[in-house]
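Visitor: generate a structure from the sequence data that follows.
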Amino acid sequence: MSTACPAATSDLSVPALGAAHRWKVLAVGVAANASFSAAANGMPTTAIWLRSGYHLSNTQLGVALGAMGLGVALSELPWGMATDRWGDRPVLLTGLLGTMLALLALLFWITPADGTVPPLWALAAGLAAVGVLGGSVNGASGRAVMRWFGAGERGFAMSIRQTAVPLGGGLGALVLPNLASRYGFMPVFGALACVCALSAFFTWRWMHEPDFSAEAATGPQIASTGLSDARPAAPPQGPLRNRGVWRMVGAIGLLCVPQFAVLSYATVFLHDHGHLGLAAITTVMVALQAGAMAMRIWSGRHTDRHANRPAYLRGSALVALATFVLLGIAAACQAPGWLLMAAVALSGIAVSAWHGVAYTELATQAGAASAGTALGMANTAVYVGLFLTPIAIPHLLAASNWSVVWWLAGLVALLARPLFPKVSLKTR
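Guide: Predicted coordinates:
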């Protein structure tokens with residue numbers, strides 16, 4: 001099988017794969033991203049119990065929650081470049097198995113037990129290691145989608161892949177707080193390690209490079225799906241020298257800040273400000289993630305049909321601003337618990353719906369052959385935000401209140417709007 005991945009060319013046991021195999025590749029991408037998202041977006045839903053179990057202040061909690069984001073930010077670009085060099089399969093396998101081992105290390109050595117509480121630096125280092133290794137899933141699975149799916153399907157396929165983030169976060173919100181509140185953090189880290197191991201198995205079984213040989217490109221299945229154009233010519237300059245790519249990276253990074261504000265501190269806000277219990281908080285976070293999944297699928301299909309990704313992205317920034325203004329008003333007016341729950345869910349869904357569309361536009365602009373690097377650049381910016389946002393919020397709270405926190409998050413969303421392109425790549 002002729003591919004761009006040197007490791008794959010030596011795998012003689014891999015059969016010739018038809019175009020239908022692209023759905024298995026997409027399923028692997030969803031599973032890999034969901035596994036890591038269960039940790040990255042699920043752990044913040046345990047913030048209340050993380051704070052009490054590890055004896056942390058709000059500021060120390062922010063450091064712990066941000067550590068995983070720092071790890072991903074440091075590793076995303078190297079992982080993306082490694083994916084472009086060696087292919088999706090070896091990078092995903094390495095990252096998923098490494099993440100599993102890092103979670104097992106947290107389970108055995110960095111959990112409160114028998115009255116002993118691990119120090120903050122150990123917890124932060126362990127979570128940062130999870131981030132460094134788990135960062136592999138983002139660029140690798142995104143590059144696979146760009147290479148297996150034709151131009152008319154990529155927005156939809158990439159949006160399905162991006163549903164893995166709220167899917168993993170939703171499952172984490174459903175399971176992890178219950179485990180943490182009842183049994184502590186050993187089963188939390190153990191459950192996350194198990195899902196990474198399962199995703200690694202699916203990756204080993206199904207993740208292969210598409211066949212771009214002349215024979216495959218002329219086959220009826222490939223031609224009918226558009227797979228033969230899944231590797232368009234890359235722009236003359238690489239993504240690291242492409243100004244348009246950098247603008248998209250900046251916009252994606254900024255628009256993720258309000259999302260991380262909700263994901264990191266919504267449980268604390270609802271508990272401390274709204275005086276809500278575990279059942280209500282879990283309901284909100286699961287509803288938020290489920291709504292984000294539905295909106296990501298809809299947005300991918302909508303923008304594929306109308307070829308309006310840039311307009312959609314610029315509009316998404318305005319919608320995010322509006323929802324965070326409403327959330328801030330609800331907090332300022334001491335709204336009843338049900339209204340706070342609705343406002344949190346609405347703002348979280350609004351600021352999570354655009355991901356698949358943005359990543360598709362970014363990868364299209366960079367070219368599929370360089371998609372791993374471009375997605376790595378974007379995810380570096382995203383996880384810098386995941387590192388800084390939880391650290392900044394306690395200081396904002398100390399100087400102001402929850403309303404100011406949510407209004408400033410909306411302002412950051414507005415700053416992303418002018419960085420998105422005004423016209424589609426197709427019309428340039």
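Visitor: nearest residue to Leu388 other than its sequence neighbours?
Guide: Leaving aside its chain neighbours, Leu388 sits nearest to Gly66 (6.8 Å; criterion: C-beta to C-beta, 6 or more residues apart in numbering). In this view, the C-beta of every residue, glycine as well, is placed from N, C-alpha and C.
Visitor: dump the residue contacts of that neighbour.
Guide: When contacts are counted by C-beta atoms under 8 Å, 6 or more residues apart in numbering, Gly66 touches Leu386, Phe387, Leu388, Thr389, Pro390, Ile391.
Visitor: before we move on, what about Val63?
Guide: Contacts here follow C-beta under 8 Å, 6+ apart; on that basis Val63 touches Leu120, Ala124, Pro390, Ile391.
Visitor: same question for Ile252.
Guide: Ala358, Tyr359, Leu362, Ala378, Ala381, Val382, Ala416.
Visitor: what of Met186?
Guide: Contacts for Met186 (C-beta under 8 Å, 6+ apart) come out as Leu107, Thr111, Ala113.
Visitor: closest to Gly134 among these?
Guide: Proximity of the contacts of Met186 to Gly134 (C-beta to C-beta) peaks at Leu107, which lies at 15.5 Å.
Visitor: what about that closest one, how many residues close to it?
Guide: Counted with other C-beta atoms under 10 Å, the neighbours of Leu107 add up to 19.
Visitor: and the gap between it and Leu50?
Guide: Plainly put, Leu107 is 15 Å away from Leu50 if you go by C-beta to C-beta, to the nearest Å.
Visitor: most surrounded residue in the contacts of Gly66?
Guide: Compared across these, Leu386 has the highest neighbour count, 29 neighbours, by other C-beta under 10 Å.
Visitor: can you mark which positions in the host helix or strand of that residue are buried?
Guide: Using DSSP states H and E, Leu386 sits in helix 371-399. The neighbour-count check on helix 371-399 (16 or more other C-beta atoms under 10 Å) flags 371-394, 397 as buried.
Visitor: what packs against that helix?
Guide: Judged by 3 or more C-beta pairs under 8 Å, 6 or more residues apart in numbering; DSSP states H and E, the packing partners of helix 371-399 are helix 58-86, helix 136-148, helix 243-268, helix 355-366, helix 402-416.
Visitor: and the contacts of Gly66 as JSON lines, adding distance to Phe202 and pLDDT?
Guide: As requested, the contacts of Gly66 are exported to JSON lines (distance: C-beta to C-beta, whole Å; pLDDT from 0 to 100):
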{"residue": "Leu386", "distance to Phe202": "26", "pLDDT": "77"}
{"residue": "Phe387", "distance to Phe202": "29", "pLDDT": "81"}
{"residue": "Leu388", "distance to Phe202": "33", "pLDDT": "87"}
{"residue": "Thr389", "distance to Phe202": "31", "pLDDT": "90"}
{"residue": "Pro390", "distance to Phe202": "31", "pLDDT": "85"}
{"residue": "Ile391", "distance to Phe202": "35", "pLDDT": "86"}
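Visitor: so which of the helices and strands packed on helix 371-399 is the most packed in?
Guide: The highest average neighbour count among these, using mean count of other C-beta atoms under 10 Å, belongs to helix 136-148 at a mean of 30.
Visitor: which residues does whatever helix or strand comes next after that helix contact?
Guide: Next helix or strand after helix 136-148 toward the C-terminus (DSSP H and E): helix 154-162. Contacts to helix 154-162, defined as C-beta under 8 Å, 6+ apart, come from residues 22, 26, 29-30, 33, 141-142, 145-146, 148-149, 296-297, 299-301, 303-304, 309, 355-357, 359-360, 363-364.
Visitor: other SSEs contacting the next helix-or-strand element following helix 154-162?
Guide: Following helix 154-162 in sequence order, the next helix or strand is helix 164-183 (DSSP H and E). Packed against helix 164-183 by the contact rule (3+ C-beta pairs under 8 Å, 6+ apart) you find helix 21-40, helix 47-53, helix 186-206, helix 278-306.
Visitor: export only the CA atoms of the first one, formatted as PDB.
Guide: When you say that, I think you mean helix 21-40. What follows is helix 21-40 as a C-alpha-only set of coordinates in PDB (Å, rounded to 0.1, in the frame of the first residue of the first chain):
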ATOM      1  CA  HIS A  21     -13.100   2.300   5.800                       C
ATOM      2  CA  ARG A  22     -13.100   6.100   6.300                       C
ATOM      3  CA  TRP A  23     -16.000   5.700   8.700                       C
ATOM      4  CA  LYS A  24     -13.900   3.400  10.900                       C
ATOM      5  CA  VAL A  25     -11.100   5.900  10.800                       C
ATOM      6  CA  LEU A  26     -13.600   8.600  11.900                       C
ATOM      7  CA  ALA A  27     -14.800   6.300  14.700                       C
ATOM      8  CA  VAL A  28     -11.200   5.900  15.900                       C
ATOM      9  CA  GLY A  29     -10.700   9.600  15.900                       C
ATOM     10  CA  VAL A  30     -13.900  10.100  17.900                       C
ATOM     11  CA  ALA A  31     -12.900   7.400  20.400                       C
ATOM     12  CA  ALA A  32      -9.300   8.800  20.800                       C
ATOM     13  CA  ASN A  33     -10.500  12.400  21.300                       C
ATOM     14  CA  ALA A  34     -13.300  11.300  23.600                       C
ATOM     15  CA  SER A  35     -10.900   9.400  25.800                       C
ATOM     16  CA  PHE A  36      -8.600  12.400  26.300                       C
ATOM     17  CA  SER A  37     -11.600  14.800  26.600                       C
ATOM     18  CA  ALA A  38     -13.000  12.700  29.400                       C
ATOM     19  CA  ALA A  39      -9.800  13.700  31.300                       C
ATOM     20  CA  ALA A  40      -9.200  17.300  30.000                       C
END
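Visitor: buried sites along it?
Guide: Across helix 21-40, burial judged by 16+ other C-beta under 10 Å covers 21-22, 24-40.
Visitor: find the centremost residue of the chain, please.
Guide: Val165 (4.8 Å; C-alpha atoms, centre = their mean).
Visitor: excluding covalently adjacent residues, which one is nearest to it?
Guide: Excluding the flanking residues, the one nearest Val165 by C-beta to C-beta, 6+ apart is Ser37, at 4.6 Å.
Visitor: can you give me every residue that contacts the one you found?
Guide: Taking C-beta under 8 Å, 6+ apart as the criterion, Ser37 is in contact with Ala164, Val165, Pro166, Leu167, Gly168, Gly169, Gly172.
Visitor: brilliant, that's me finished.
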